[in-house]
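[1] Next input, structure requested:
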Amino acid sequence: MSMSGAARNALRAGTVLVVFAVVGTAMLAFTHGRTEPVIARSRQAEQLAFIEQVLPSRLYDNDLLASERRVPRDAMLGTRRPSAVWVARRGDAFAGVVLEAVAPDGYSGDIGLLVGIDAAGTVTGVRVTGHRETPGLGDYIDRAKSPWIEQFTGKSLDNPPPRAWRVAKDGGTFDTRAGATITPRAVVKAVRGALEYFARHRKTLAAPVTREEKDA
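    Reported below is the predicted structural model:
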């Protein structure tokens, strides 16, 4: 039985669509393969620059990005899923960590943080990695908007004393802006929590990574 003109046209159109789909998929795969390494390197550079803002590079000589470990979710870190920790070393000596933390009680939701802590348990820097706080009111926690976050540098669990780990409005050490205290309260609590986490897990964090852990 001969094929009708309509059927031939439908077959031809279907073949063209299949060819276009195959070619398009191949082009997307090729483009992804070429650009993915570039994007990955860019992300790594950006991540390292961010990390170096909270843990000065003079404190360590290892490859900090390669030192990344995953730790289980923990209430002291405010995390609801496994998070990252980067372990700094100078020679064979433990030099400090950079912890991912979350302030879950910000005015507009979660506030992501990176907290650098040296081997002695002193904060070397804090940066906000993500937030939805009100522009012009609560967003001064962002270092790009204000130096407010710098006041955590040099602080530890005992400096200031525990009762002073509060915003000034609550009788504590940390300054705030009028009309925007919920956000800084959340950040102060989260940084304190990160220090408590470090103190509790310092021995584990300072231990060298085993070959089994590296291969995991």
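[2] Give me the pLDDT for E52.
    Here, the pLDDT recorded for E52 equals 90.
[3] Might you list the low-confidence residue ranges for the protein?
    Counting by pLDDT under 70, the chain contains low-confidence ranges at 1-11, 13-14, 16, 18, 20-46, 209-216.
[4] Just the strands from it, written as ranges.
    For the chain, applying DSSP state E gives strands covering 69-71, 83-90, 93-106, 109-118, 123-130.
[5] now for the protein, which residue lies nearest the mean position of the chain?
    Most central in the chain under C-alpha atoms, centre = their mean is E100, positioned 5.2 Å from the mean C-alpha point.
[6] got the contact list for the residue lying closest to that one once chain neighbours are set aside?
    Ranked by C-beta to C-beta, 6 or more residues apart in numbering and with sequence neighbours excluded, the top spatial neighbour of E100 is S83, at 4.1 Å. Glycine gets a C-beta too; all of them are placed from N, C-alpha and C. By C-beta atoms under 8 Å, 6 or more residues apart in numbering, the contact set of S83 is R70, V71, R73, D74, L77, L99, E100, A101, V102.
[7] right, and the fourth one touches F198 too?
    It refers to D74. No. Between D74 and F198 there is no contact under C-beta atoms under 8 Å: 11.2 Å.
[8] that older thread, list the contacts for the residue nearest to the centre of the chain?
    L77, T79, S83, A84, V85, G112, L113, L114, T129.
[9] Return the member of the contacts of S83 nearest to G121.
    Ranked by distance to G121 (C-beta to C-beta), the contacts of S83 are led by L99 at 12.2 Å.
[10] hang on, the earlier thing: would you convert the strands of the chain into a markdown table that also reports distance to L137?
    Listed next are the strands of the chain as a markdown table, based on distance: least, C-beta to C-beta, whole Å:
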| stretch | distance to L137 |
| --- | --- |
| strand 69-71 | 33 |
| strand 83-90 | 28 |
| strand 93-106 | 12 |
| strand 109-118 | 14 |
| strand 123-130 | 15 |
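[11] Indicate which one of those strands is closest to K203.
    strand 93-106 (9.8 Å).
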